[in-house]
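Chemist: Here is a sequence with its predicted model. Questions after.
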Amino acid sequence: MTPDFPSATDLILVLGGALAIYFLLILLAQGLRRWRDVRFLWVYHLFAAATGMLISLHWLLGDGGDLPWRDTAIRHLTAAVTVLAAFPITTLLVRIIWGGKPNADLKSAGPQILIDTIRILILLLAVVLALQFVYDLEVPGLLAGSGIMAIILGLAMQDLLGNLIAGVSLHLEKTFQPGDWLLINNTHARVIEISWRSTLLLTNDDVLIDVPNTEITKHAVTNFQLPTPRHAVKATVSLNYDLPPLRAKAVLRQAAACVPGVCAEPTPVVQLKDFLDSGISYEIKVWIEDHAQMNRILSDLRINAWYASRREGFVMPYPQMVLHRAETRDTSAHARELAVKVLKGHELLEVIPADQLEHLVRASPVLLFAHAEHIVSQGEAGASMFLLVQGEVEVQIDRDGHQTRVARLGPGDCFGEMSLLTGTPRTATVVAIGEVEAVEIDKAVFGALIRDNPEILANLSELLAQRQLANERLTSEAPPQRAEEVRRGLLGKLREFFSL
């Protein structure tokens, strides 16, 4: 009687050979991983086990004439090895095409959509080969005989195939890449991943959106990263009809240039957009490079426009249909009290009587500045000084095109005295840190004080002469000038500057 099962010796021999071949293939995979960082999927273990069993049955049991089940087992194992081999073949093919760097991970070796497409095509080819040559099934006849099933599968996979084709099209055309900021269907979002079925987007509200590729191809897509990350954003501000448009444009342009994140080049552009019922509409256009900061920059742009407009006395109009009556409250009384105390202890201005200082401060405006606004700029003409009441400022000096921070001033400090007294250009740039409240004393107000009290001029010239002589002794090797000559020279400059 012909035995239906192998003997124990044959069984141990087959299993031992299969196990040995399995470990050899695993060692081969580990060697490729160390050598070229080739990382196979978990299916590789099934492929190695099936290959080991197939080789053992072929070589170790001879022709298997006394084992009728051997041919059936070999047939099924051959089909399994053919299909499972598609996975390591895909991995090796991807590494050959895109894996130039030894340490590159498979996920970063190439576009994921192409890797998945190649894997699906190779897997389908392996299935066709197994059916055609292992099981002797005529694949074209099989498909023709299953026409109804093919139609059903085609209809079911219509959206899937459409997304796949759209994904390949998006990759080949390179409309956008992961990391790009897009405007699609009125939504601002950043591309996270492009897969074979859909594209993952993250909005600026940190909401994840999974959009099918076919939906993306149906809408107009704005890519803020192309051709360069630098692009323009716009904000609209309305001002009163009484304001000259050219003056309003200049103020808004200067306010926009101070917003952090706004590019220095091109410079901000302000255009008169429309004449509305309640006022004139101005469009402020600035250029940015980080679209993720768009909302913050537009907010700061409007904030700076409000502060700058308020300092200039501009009014942002109310709708004409509303009767707006509001009592103006003087909220700057406390600021002026602090300013008087500061001036009383100032080295140059302590010679002025207290009542004159109070009149000087009452006649001077209290100004508000937004964060990062330039209160004064180095090199510009100046004829006023500032007393800090609230907030802090940073003093910067431009040296060979590089901004150097030299000081930080707070409440009770002042700057710009020399520009007020002599009209010399600003020697530094002063930038607001947070909201800053300051009293500005200009030439007109101070000049009126001097004309009413000409004796103050002699005291100021004496103090300025002492300061200039002290500076010359520290910084110059030349013989010092005579104090009387310096005092007379400064007195003449002060008289000329204030037209006395």
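Modeler: Received, thanks. Numbering: from 1, shown residues only.

Chemist: In this structure, which residue is most central in space?
Modeler: For the chain, the residue nearest the mean C-alpha position is Asp290 (3.3 Å; C-alpha atoms, centre = their mean).

Chemist: can you tell me which residues contact that residue?
Modeler: With contact taken as C-beta atoms under 8 Å, 6 or more residues apart in numbering, Asp290 is in contact with 229, 261. From N, CA and C alone the C-beta is placed, and that goes for glycine too.

Chemist: And it, its phi and psi?
Modeler: Asp290 has phi and psi values of phi -110, psi 100 when expressed as degrees, to the nearest 10.

Chemist: same deal with Ile288?
Modeler: As for Ile288, its main-chain torsions (degrees, to the nearest 10) stand at phi -130, psi 160.

Chemist: That one and Ile192, how far apart?
Modeler: Separation of Ile288 from Ile192 (C-beta to C-beta, to the nearest Å): 21 Å.

Chemist: what about the two, which has more around it?
Modeler: Under the criterion of other C-beta atoms under 10 Å, the comparison of Ile288 against Ile192 puts Ile288 first, with 20 against 14.

Chemist: and the more buried one, bridged to which residues?
Modeler: For Ile288, the residues forming beta bridges with it (DSSP bridges) are His231.

Chemist: can you check Ala189 too?
Modeler: Assessed by DSSP bridges, Ala189 has beta-bridge partners Leu182, Thr203.

Chemist: who touches it in this structure?
Modeler: Ala189 sits next to 181-182, 201-204, 209 when contact means C-beta under 8 Å, 6+ apart.

Chemist: what do you get if the cut-off is 7 Å, keeping everything else the same?
Modeler: Ala189 is in contact with 182, 201-203, 209, counting by C-beta atoms under 7 Å, 6 or more residues apart in numbering.

Chemist: and which of these is nearest Val270?
Modeler: Minimum distance to Val270 across those is 27.9 Å, recorded for Leu182 (C-beta to C-beta).

Chemist: What distance do you get for the closest one to Val211?
Modeler: Using C-beta to C-beta, which is the criterion applied here, Leu182 is 10 Å from Val211.

Chemist: Compare these two (neighbour count), which wins?
Modeler: Under the neighbour definition other C-beta under 10 Å, Leu182 and Val211 were set side by side, and Leu182 has more, 21 against 16.

Chemist: Can you name the residues that contact that one?
Modeler: Neighbouring residues of Leu182 by C-beta under 7 Å, 6+ apart: 176, 189, 191, 221-223.

Chemist: And it, how close does it get to Ser299?
Modeler: Leu182 is 22 Å from Ser299, where distance means C-beta to C-beta.

Chemist: Over to Arg95?
Modeler: 48 Å.

Chemist: Neighbour count for those two, which is higher?
Modeler: Arg95 (19 against 12).

Chemist: Doesn't that one belong to a strand?
Modeler: No. Counting by DSSP: H, G, I helix; E, B strand; the rest coil, Arg95 is located in no strand; its state is helix.

Chemist: I figured it hits Arg39, correct?
Modeler: No. Taking contact to mean C-beta atoms under 7 Å, the distance of 9.1 Å between Arg95 and Arg39 leaves them out of contact.

Chemist: which one is Ser364 nearest to, not counting chain neighbours?
Modeler: Distance criterion C-beta to C-beta, 6 or more residues apart in numbering; nearest residue to Ser364, sequence neighbours excluded, is Ile441 at 4.8 Å.

Chemist: got the phi/psi numbers for that neighbour?
Modeler: On the backbone of Ile441 - angles per degrees, to the nearest 10 - the values are phi -100, psi 120.

Chemist: doesn't Pro365 make contact with it?
Modeler: No. Ile441 is not in contact with Pro365 according to C-beta under 7 Å; the separation is 9.3 Å.

Chemist: Comparing those two, which shows the higher neighbour count?
Modeler: For Ile441 and Pro365, the more surrounded residue by other C-beta under 10 Å is Ile441, and the numbers stand at 26 against 13.

Chemist: The stretch 101-250 of the chain: strands as residue ranges?
Modeler: Secondary structure of the stretch 101-250 of the chain (DSSP state E, counting those that start in this stretch): strands located at 181-184, 187-194, 198-203, 208-212, 221-223, 231-239.

Chemist: how about TSV for those, with mean pLDDT and distance to Glu283 added?
Modeler: Formatted as TSV, the entries for those read as follows, by pLDDT from 0 to 100; distance: least, C-beta to C-beta, whole Å:
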stretch	mean pLDDT	distance to Glu283
strand 181-184	90	18
strand 187-194	88	19
strand 198-203	88	25
strand 208-212	87	30
strand 221-223	88	19
strand 231-239	92	5
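
Chemist: Just put those strands in CSV and tack on distance to Gln403.
Modeler: Converted to CSV, the strands of the stretch 101-250 of the chain look like this (distance: least, C-beta to C-beta, whole Å):
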stretch, distance to Gln403
strand 181-184, 29
strand 187-194, 31
strand 198-203, 35
strand 208-212, 40
strand 221-223, 33
strand 231-239, 25
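
Chemist: If you count contacts, what does the longest helix anywhere in the chain end up packed against?
Modeler: Among all segments of the chain classified by DSSP state H, the helix with the greatest residue count is helix 8-36. Other helices and strands packing on helix 8-36, by 3 or more C-beta pairs under 7 Å, 6 or more residues apart in numbering; DSSP states H and E, are helix 43-60.

Chemist: Quick one: distance of the helix it packs on to the chain centre.
Modeler: Between the mean C-alpha point of helix 43-60 and the mean C-alpha point of its chain there is a distance of 53 Å (C-alpha atoms, centre = their mean, to the nearest Å).

Chemist: Mind listing what's buried along that helix?
Modeler: By 16 or more other C-beta atoms under 10 Å, the buried positions in helix 43-60 come out as 44, 47-58.

Chemist: cool, and stretch 437-451?
Modeler: Using 16+ other C-beta under 10 Å as the burial criterion, the residues of stretch 437-451 that qualify are 437-443, 445-447, 449-450.

Chemist: ends of that stretch, how far apart?
Modeler: In stretch 437-451, first residue to last residue: 29 Å (C-alpha to C-alpha, to the nearest Å).

Chemist: the longest strand in this structure is where?
Modeler: Secondary structure of the chain per DSSP state E: the longest strand is strand 384-399.

Chemist: Name every strand pairing with it and say which way it goes.
Modeler: Within its sheet, and counting by DSSP bridges, strand 384-399 is paired with strand 402-409 (antiparallel), strand 414-415 (antiparallel), strand 429-442 (antiparallel).

Chemist: what comes up buried for it?
Modeler: Neighbour-count burial for strand 384-399 flags 384-391, 393-396 (criterion: 16+ other C-beta under 10 Å).

Chemist: Name the residues that touch it?
Modeler: Strand 384-399 is contacted by residues 335, 338-339, 342, 375, 378, 403-417, 419-420, 428-443 when judged by C-beta under 7 Å, 6+ apart.

Chemist: Name the helix or strand for Gly313, please.
Modeler: Take DSSP states H and E as the rule and Gly313 turns out to sit in neither a helix nor a strand.

Chemist: quick one, phi/psi of it?
Modeler: According to degrees, to the nearest 10, Gly313 has phi 80, psi 10.

Chemist: show me the contacts for it.
Modeler: Under the criterion of C-beta under 7 Å, 6+ apart, Gly313 has no contact partners.

Chemist: What's the per-residue pLDDT of it here?
Modeler: Looking at Gly313, its pLDDT reads 84.

Chemist: from here on, count from 6
Modeler: OK, 6 is where the count begins now, so the last one is Gly318.

Chemist: What distance do you get for it to Ala253?
Modeler: If you go by C-beta to C-beta, the gap between Gly318 and Ala253 works out to 11 Å.

Chemist: could you point out where the stretch 406-505 of the chain is predicted with low confidence?
Modeler: The model of the stretch 406-505 of the chain has pLDDT under 70 over residues 472-488, 505.
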